[in-house]
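Trainee: Sharing a model prediction with you, sequence too.
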Amino acid sequence: MCDPVTCNYPIIVTALGTSDSQVPKYRPGISSHKNSLMRRIAREMIETILLALLLFVLMEFSVQNFKVEGSSMTPTLAQDQYLLVNKIAYARVGMDDLGSLIPFVHAYTNGSERPIYAFRPPQYGEVVIFHFPNDPSRDFVKRVIGVPGDSIEIRRGDVYRNGQPLDEPFITSSSSRSYDPVFVDEGHYYVLGDNRRSSNDSRDWGLVPQENLIGRAWMRYWPPGSLGFIE
């Protein structure tokens, strides 16, 4: 008999305890694929965190919650309701700040220091939050009745703006008192509570300076039964 080498028989070598199906095979690119996957996951996590921080900052600067205390705005707002207030609704840009960015602004405005509203100034009928002029540590909520240039007069509870009576469907409790005409100066607003019988407002302490404005009352969110936007 001849040995396997001289007889050209095939020689099968099998590692102890292994079979052909168990022998690991080299697969190029697996390590680089895993690294790429980990980098993509890390990038997505960082982007998510940055987006969450951006949203938090935007919410912090643009929206604030307030609690209603008192009955001066009933029936529009009730005691212990919570509001979301849009703080950027009446955002203003000073002429000095704008002039540093756009050189010809001061020439265009003829040197006026009147601030420019980023969106628009308060409008008739809007419910606003502001620092109480006589005590800025306190915040009030009232409705805008007069804007700069208006003349406001109250005759036996009826409000006249520039000589014309106002239609105020939101009023359910009026006062019968009369007040002399008040001219609304530039940069100021005349505000009243909807509950005229128990509201401490411009009839008592005068106008609200525009720098005292915090924002526009946007919506009621608590309690759940009061959920809704404020018109």
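Mentor: All right, it came through fine.

Trainee: Which neighbours in the sheet does the lengthiest strand in the chain have, and how are they oriented?
Mentor: Ranked by number of residues, the top strand in the chain under DSSP state E is strand 135-146. When sheet partners are counted by DSSP bridges, strand 135-146 sits next to strand 127-132 (antiparallel), strand 188-192 (antiparallel).

Trainee: For the shortest one, C-alpha coordinates in PDB please.
Mentor: Right, strand 188-192. In PDB, the C-alpha atoms belonging to strand 188-192 read as follows (Å, rounded to 0.1, in the frame of the first residue of the first chain):
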ATOM      1  CA  HIS A 188     -48.600 105.100  26.300                       C
ATOM      2  CA  TYR A 189     -51.800 103.100  26.400                       C
ATOM      3  CA  TYR A 190     -55.200 103.500  28.100                       C
ATOM      4  CA  VAL A 191     -56.400 100.200  29.500                       C
ATOM      5  CA  LEU A 192     -59.600  99.000  31.300                       C
END
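
Trainee: what pLDDT, on average, does it get?
Mentor: The pLDDT scores in strand 188-192 average 97.

Trainee: how much distance is there from that strand to the middle of the chain?
Mentor: 23 Å (C-alpha atoms, centre = their mean, to the nearest Å).

Trainee: list the buried ones in the next helix or strand after that strand?
Mentor: Note on strand 188-192: by DSSP states H and E, the next helix or strand toward the C-terminus is helix 202-205. For helix 202-205, the neighbour count (16 or more other C-beta atoms under 10 Å) marks Ser202, Arg203 as buried. Where you see a C-beta, it was placed from the backbone N, CA and C, and this is true even at glycine.

Trainee: For helix 202-205, give me every contacting residue.
Mentor: 133-134, 142, 145-146, 152, 154, 177, 179, 182, 190-192, 208 (C-beta atoms under 8 Å, 6 or more residues apart in numbering).

Trainee: do that again at 6 Å, thanks
Mentor: Asn134, Tyr179, Tyr190, Val191 (C-beta atoms under 6 Å, 6 or more residues apart in numbering).

Trainee: In PyMOL, how would I select just the buried ones from these?
Mentor: Buried subset of those, written as a PyMOL selection, criterion 16+ other C-beta under 10 Å:
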select buried, resi 190+191
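
Trainee: Quick check: the two most widely separated of the contacts of helix 202-205?
Mentor: Farthest apart among the contacts of helix 202-205 by C-beta to C-beta are Asn134 and Tyr179. That separation is 18.1 Å.

Trainee: circling back to that earlier point, give me the distance from the longest strand of the chain to the chain's centre.
Mentor: Chain-centre distance of strand 135-146: 19 Å, with C-alpha atoms, centre = their mean.

Trainee: can you tell me the average pLDDT over that strand?
Mentor: Here the average pLDDT along strand 135-146 is 96.

Trainee: from here on, count from 22
Mentor: Fine by me, first position is 22 from now on; the one you just mentioned is strand 156-167.

Trainee: What average pLDDT does whichever helix or strand comes after that strand get?
Mentor: From strand 156-167 onward toward the C-terminus, using DSSP H and E, the following helix or strand is strand 172-176. When pLDDT is averaged over strand 172-176, the result is 96.

Trainee: Out of the contacts of helix 223-226, which comes closest to Glu68?
Mentor: Glu68 has its nearest neighbour among these in Val212, at 44.1 Å by C-beta to C-beta.

Trainee: Tell me the secondary structure at Ser93.
Mentor: Under DSSP: H, G, I helix; E, B strand; the rest coil, the three-state class of Ser93 is coil.
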